[in-house]
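Student: Mind looking at a prediction? Sequence and model below.
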Amino acid sequence: MNKKQRIIGVISILLIIIILAIIITTNIIINNNQVENARYLATTANVSSNLIASYIKKGITIGGITGTLEVLDTSDATATSEDILWGKTGYVKGIKITGTRIETVMQGKDWGGYFDKNTRILDELNNNVVIPEGFKIAQESATKVEDGVVIEDKSGNQFVWIPANTGGITIHTTIGDKTIKYTRHAYGFNIATGEIDNNTNSEKIKESSSINGFYTEPLPVDEADSINIYGGYYIGRFESGDKQSTESKVLRSESSSVNNTITIKKGQAPYNYATYSQQKSLAEGMKDEYNYKALTKICSSYAWDTAINFIEIKNANYGSEMKIGNFMDFSFTYTDIKGSTKTKNAGVKEIIPTGQTDPVSNIYDMGGNVWERSSENYSDANTPKSDRGGGANNEDKLYLAGIRNNYADKALYNNGFRVSLYIY
């Protein structure tokens with residue numbers, strides 16, 4: 001190799017060294033867009049990167065960048081889903097939770113769950129409704145009290161909320177405020193005498209102007225205590241039914257067992273052919289049959305009449321004049337106990353399954369089908385109890401929802417009963 005070639009070789013090596021030095025220097029020098037080292041590339045706002053000050057916790061430095069992010073410490077949070085309104089969300093201890101607190105009938109209906117304690121909520125017009133432990137708001141329920149708020153147990157039995165107390169409770173309705181008092185009334189040809197019976201401290205209600213017999217009943221203490229605390233009670237949405245007969249697809253007969261299970265559902269065989277004493281026992285035993293944290297009773301005259309007074313908020317004169325129900329002179333189509341569509345002709349005395357005629361305020365059967373026995377007393381010892389609402393063997397013009405009649409304590413074809421429920 002001559003001298004010229006050696007010089008060229010040295011220059012080439014020097015050039016390579018200079019180029020390498022420039023590359024290395026470029027990777028470690030901080031310029032407008034880079035910090036510290038290429039391995040910790042952190043950029044300013046005009047160059048894309050994930051490592052910026054607002055992404056780093058305040059007080060922590062990474063790659064030469066000191067964080068500005070202030071992190072909220074939620075470790076001491078105590079809220080639970082029950083503290084947050086149903087359907088709303090929040091973060092507790094870093095975990096997103098959805099609220100389960102129910103405040104309105106609509107929310108409870110949408111939720112569809114069973115309440116684990118007695119719970120006071122509001123309807124659309126800000127009226128109070130108390131849902132008993134173990135019940136849910138039925139999908140058939142209205143969201144305004146006046147239209148019938150329906151609750152349902154885990155077996156499908158249904159009741160309708162009736163706001164009332166012994167002094168009179170005012171509720172908001174779409175036609176104005178109305179006051180409902182837990183008391184007795186006379187309807188139709190029955191007559192309120194204004195005379196107080198000394199034995200029961202209740203008004204004597206005469207059967208009619210032509211008959212001297214009269215009805216009385218002391219105010220039941222357990223009913224009064226409950227409604228004055230909770231502002232209302234529940235009445236069966238339907239006449240009481242017989243579970244076993246319904247499942248066998250037959251209506252009850254004289255030979256039917258009086259130990260069959262009581263139901264309060266649509267399409268049931270009405271629980272007739274039982275004495276008043278047996279029906280009273282069935283009604284009172286329902287709370288144990290279904291493990292309710294509430295009292296169940298055969299309807300008193302107070303429960304029956306107050307329910308009619310409630311219904312008349314929107315269905316004026318329902319107790320005395322409105323013709324809704326299964327009466328002898330009505331013709332209508334219904335579903336029989338076997339599930340077939342049938343026509344009940346006018347002039348025919350025919351008891352049908354529960355809930356087949358039109359409801360009033362979400363309540364069925366208070367007019368017609370079977371007479372419904374109550375705990376009200378009648379002055380004649382031979383027929384000591386009161387029946388309400390008329391039956392399939394009566395004409396509507398005489399025996400409507402509010403009417404009283406009296407029967408002996410016998411198991412009869414045309415006598416059923418209805419259950420009322422009281423929270424405690």
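Tutor: Great, that's in hand.
Student: Show the contacting residues for the most centrally placed residue in the chain.
Tutor: Central residue check for the chain by CA atoms, centre = their mean: the C-alpha nearest the mean position is that of I137, 1.9 Å away. Listed by CB atoms under 8 Å, 6 or more residues apart in numbering, the contact partners of I137 are V105, G108, K109, G112, I131, V149, V150, I151, E152. C-beta: built from backbone N, CA, C; applies to glycine.
Student: In those, find the pair that's most separated.
Tutor: Between all members of those, the longest pairwise span (CB to CB) is found for G112 and V149 and amounts to 14.7 Å.
Student: show me where the stretch 51-200 of the chain has helices.
Tutor: Shown for the stretch 51-200 of the chain, the helices assigned by DSSP state H, counting those that start in this stretch span residues 105-111.
Student: so where's it shaky on pLDDT?
Tutor: Judged by pLDDT under 70, the stretch 51-200 of the chain has its weakly predicted residues at 71-74, 76-90, 92-94, 96-99.
Student: Tell me which stretches of it form strands.
Tutor: 61-62, 65-66, 89-92, 95-98, 119-122, 128-131, 136-137, 150-152, 158-163, 169-171, 178-180, 191-197 (DSSP state E, counting those that start in this stretch).
Student: Could you provide these in TSV, with additional columns for distance to T143?
Tutor: Converted to TSV, the strands of the stretch 51-200 of the chain look like this (distance: least, CB to CB, whole Å):
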stretch	distance to T143
strand 61-62	55
strand 65-66	56
strand 89-92	23
strand 95-98	22
strand 119-122	10
strand 128-131	10
strand 136-137	9
strand 150-152	11
strand 158-163	12
strand 169-171	14
strand 178-180	18
strand 191-197	35
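Student: Just give the number of residues close to P384.
Tutor: If you count neighbours by other CB atoms under 10 Å, P384 ends up with 15.
Student: Next: the one 5 residues further on.
Tutor: G389 is surrounded by 30 other residues when neighbours are defined as other CB under 10 Å.
Student: so how far is K144 from it?
Tutor: 25 Å (CB to CB, to the nearest Å).
Student: same deal with L125?
Tutor: Taking CB to CB, one finds L125 at 6 Å from K144.
Student: who's in contact with the spatially closest residue to H172 that is not a sequence neighbour?
Tutor: Nearest residue to H172, sequence neighbours excluded (CB to CB, 6 or more residues apart in numbering): L125, at 4.1 Å. With contacts defined as CB under 8 Å, 6+ apart, the neighbours of L125 are K144, V145, E146, I171, H172, T173, T174.
Student: swap in S226?
Tutor: For S226, the contacting residues are Y233, L295, Y422, I423, Y424, by CB under 8 Å, 6+ apart.
Student: What mean pLDDT does the helix or strand where the third one lies get?
Tutor: Secondary structure here is read from DSSP states H and E; on that basis Y422 sits in strand 419-423. The predicted model gives strand 419-423 an average pLDDT of 98.
Student: Also stretch 263-278?
Tutor: The predicted model gives stretch 263-278 an average pLDDT of 98.
Student: so where do the helices sit in the stretch 301-424 of the chain?
Tutor: In the stretch 301-424 of the chain, helices defined by DSSP H, counting those that start in this stretch lie at 301-311, listed in chain order.
Student: Make sure R237 is actually in contact with I162.
Tutor: No: contact criterion CB atoms under 8 Å: R237 and I162 do not qualify, at 11.3 Å.
Student: Look at these two and report which has more neighbours.
Tutor: R237 (28 against 25).
Student: Now that one: closest residue in space that isn't a chain neighbour?
Tutor: Leaving out its chain neighbours, R237 is closest to Q158 (CB to CB, 6+ apart), at 4.1 Å.
Student: what sits against that neighbour?
Tutor: A138, E140, V150, I151, E152, G236, R237, F238, I264, K265.
Student: and these, which are buried?
Tutor: By neighbour count, with 16 or more other CB atoms under 10 Å, the contacts of Q158 hold A138, V150, I151, E152, G236, R237, F238, I264, K265 as buried.
Student: From T354, how far out is the last one?
Tutor: Spelled out, that is K265. In this structure, K265 and T354 are 7 Å apart, going by CB to CB.
Student: what's the overlap in contacts for those two?
Tutor: Taking CB under 8 Å, 6+ apart as the contact rule, the neighbours common to K265 and T354 are F238, G241.
Student: returning to what we had before: out of the strands of the stretch 51-200 of the chain, which is the most enclosed?
Tutor: Burial among those, expressed as mean neighbours by mean count of other CB atoms under 10 Å, is greatest for strand 158-163, which shows a mean of 26.
Student: wait, E372 sits on G416?
Tutor: Yes: the pair E372 and G416 passes the contact test of CB under 8 Å, sitting 5.7 Å apart.
Student: Overlap in contacts, these two.
Tutor: Listed as contacting both E372 and G416 by CB under 8 Å, 6+ apart are E239.
Student: contacting residues around A224?
Tutor: For A224, the contacting residues are T166, Y182, by CB under 8 Å, 6+ apart.
Student: Over to P220?
Tutor: Residues in contact with P220 (CB under 8 Å, 6+ apart) are K297, S300, Y302, S375.
Student: can we see that at 6 Å?
Tutor: If you count contacts by CB atoms under 6 Å, 6 or more residues apart in numbering, P220 has them with S300.
Student: Give me the pLDDT for it.
Tutor: At P220 the predicted local confidence, pLDDT, stands at 98.
Student: Can you tell me how far it is from A316?
Tutor: 28 Å.
Student: again with Y290
Tutor: Look at Y290 and A316: by CB to CB, they are 35 Å apart.
Student: do the same with V250
Tutor: With distances defined as CB to CB, the gap from V250 to A316 amounts to 39 Å.
Student: again, but for R418
Tutor: Counting by CB to CB, the gap from R418 to A316 is 22 Å.
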